[in-house]
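Peer 1: please work out how this folds:
(one chain, ligands or ions: 2)
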Amino acid sequence: MNPATYKVCMLGDFGVGKTSLVARYVRSTFSDKYLTTVGVKVDSKEIARPGHDPLKLVLWDIAGRSTLDAPSTTYLRGAAALLLVADGTRETSLSSALNLLMQSRDTLPDAIAVLAVNKLDLIERWEVAATTLAELRRSLPVFETSALSGAGVEEAFSELARRLAG
Ligand code: GDP
Ligand code: MG
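Peer 2: Residues are numbered from 1 along each chain as shown. Ligands and ions are numbered 1, 2, ... in the order given. The predicted structure is shown next:
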């Protein structure tokens with residue numbers, strides 16, 4: 001039997017770590033080379049969940065630049081969930097992620113959204129305050145992640161999967 005499959009779109013500013021989070025989650029790798037994503041890249045991962053049916057996440061990773069525009073309807077079409085990504089060392093990237101969430105609501109009123117505030121390994125350089133994150137946690141799940149160390153990454157995607165499976 002094929003597992004239930006869900007499309008997940010990565011959304012966030014250029015350079016926040018969208019591509020790196022997917023690489024960490026799907027392939028357990030990290031590269032400090034900055035390879036600009038061209039167009040859209042699609043990866044997938046099957047998740048075995050003890051006591052539940054397995055499910056499959058199909059992760060759509062869009063080129064950073066495009067997310068500065070209104071999210072394209074074509075990219076978002078059919079998405080069940082959004083993984084919003086911000087870079088903890090850049091406060092502006094958090095505003096961008098929240099803006100993208102608002103904009104995407106026109107196309108995807110019911111999509112599940114989880115926020116990853118990435119680059120936790122650079123915590124001493126973070127501009128995003130703990131109080132800001134505490135406030136945000138009232139409206140959506142927020143994870144502090146590092147694609148470099150892997151901290152929080154599995155947890156963020158697992159929470160998405162858990163919410164998708166209902
Ligand atoms: P994208 O444009 O959102 O896809 O961002 P990338 O995944 O291409 O990452 C942009 C840059 O940030 C790259 O140089 C990555 O190596 C780096 N990066 C991504 N995630 C992390 C992280 O968790 N910690 C650190 N220190 N660097 C990261
Ligand atoms: Mg990218």
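
Peer 1: gap between P3 and W126?
Peer 2: Look at P3 and W126: by C-beta to C-beta, to the nearest Å, they are 37 Å apart. Bear in mind the C-beta positions are built from the backbone N, C-alpha and C, glycine included.

Peer 1: now the spatially most central residue of the chain, nearest residue through space, not along the chain?
Peer 2: With distances taken as C-alpha atoms, centre = their mean, L83 lies nearest the centre of the chain, 2.6 Å away. Of all residues not flanking L83 in the chain, M10 sits nearest, at 5.3 Å (C-beta to C-beta, 6 or more residues apart in numbering).

Peer 1: before we move on, the earlier item: give me the more crowded residue out of P3 and W126.
Peer 2: Taking neighbours as other C-beta atoms under 10 Å, P3 and W126 compare with W126 leading, 18 against 14.

Peer 1: which strands or helices does the lowest-mean-pLDDT helix or strand in the chain pack on?
Peer 2: Lowest by mean pLDDT, DSSP states H and E among the helices and strands of the chain is helix 73-76, with a mean of 82. For helix 73-76, there is no helix or strand it packs on, judged by 3 or more C-beta pairs under 8 Å, 6 or more residues apart in numbering; DSSP states H and E.

Peer 1: mind listing what's buried in that helix?
Peer 2: Buried positions in helix 73-76, judged by neighbour count with 16 or more other C-beta atoms under 10 Å: 75-76.

Peer 1: residues making contact with that helix?
Peer 2: The contact list for helix 73-76 (C-beta atoms under 8 Å, 6 or more residues apart in numbering) reads 9, 40, 60, 62, 66, 104, 107-108.
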